[in-house]
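> Here is my input; please provide its structure:
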Amino acid sequence: QVQLVESGGAVVQAGGSLRLSCAASGRIFGLSAPGWYRQAPGKQRELVARITSGGQTDYADSVKGRFTISLDNSKNTVHLQMNSLKPEDTAIYYCSALIYYSYADLVNDRRQGSWGQGTQVTVSS
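Numbers count the residues shown, from 1 in each chain. Modelled structure (predicted):
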């Protein structure tokens, strides 16, 4: 079964930037409604950014103006560009998306929700 795999997490100083990526581990037809979530130690997982099935973007208030989510349909890859990072952005970042395995799945709206394993982002002050 195909899974989502995140990459790009690192240790960065406050004010710096990182670009996270999320791609399927195997062959798929497409992704839909991708989102990035994060979970800091001792806290619940929270939505960071998402692209709705209608193509609109939503962001948590805490990241508006600093983070940008994008979906590269040609590569079935989701990115999260993070600028002006703050220590409070430190967390494990997870991506999620709906996976279409074939064109027939798309036509018949058969999709599978999937989560990645997460990638650690640490912002030092």
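> which residues touch the nearest residue to Q13 once chain neighbours are set aside?
Leaving out its chain neighbours, the residue that sits closest to Q13 by C-beta to C-beta, 6 or more residues apart in numbering is S124, at 5.5 Å. Quick note: C-beta positions are derived from backbone N, CA and C, even for glycine. Listed by C-beta atoms under 8 Å, 6 or more residues apart in numbering, the contact set of S124 reads V11, V12, Q13, A14, P87.
> Please, where are all the helices along this protein?
103-107 (DSSP state H).
> would you list every one of the strands in it?
For the chain, the strands defined by DSSP state E cover 4-7, 11-13, 18-24, 30-39, 46-51, 57-59, 67-72, 77-82, 91-100, 112-115, 119-124.
> will you turn those strands into CSV that also has mean pLDDT and distance to L106?
Listed next are the strands of the chain as CSV, based on pLDDT from 0 to 100; distance: least, C-beta to C-beta, whole Å:
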stretch, mean pLDDT, distance to L106
strand 4-7, 97, 18
strand 11-13, 98, 37
strand 18-24, 97, 15
strand 30-39, 96, 6
strand 46-51, 98, 16
strand 57-59, 97, 21
strand 67-72, 97, 15
strand 77-82, 98, 17
strand 91-100, 97, 5
strand 112-115, 95, 12
strand 119-124, 98, 28
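> The residue nearest to Q13 and S62, how far apart?
As judged by C-beta to C-beta, to the nearest Å, S124 and S62 stand 18 Å apart.
> burial of A49, as a residue count?
Counted with other C-beta atoms under 10 Å, residues neighbouring A49 total 23.
> bridging residues for it?
W36, Y59 (DSSP bridges).
> I figured it hits D58, correct?
Yes. Contact criterion C-beta atoms under 8 Å: A49 and D58 qualify, at 6.8 Å.
> does V63 really touch R50, like I thought?
No. Between V63 and R50 there is no contact under C-beta under 8 Å: 11.6 Å.
> dump the residue contacts of S70.
Contacts of S70 (C-beta under 8 Å, 6+ apart): V78, H79, Q81.
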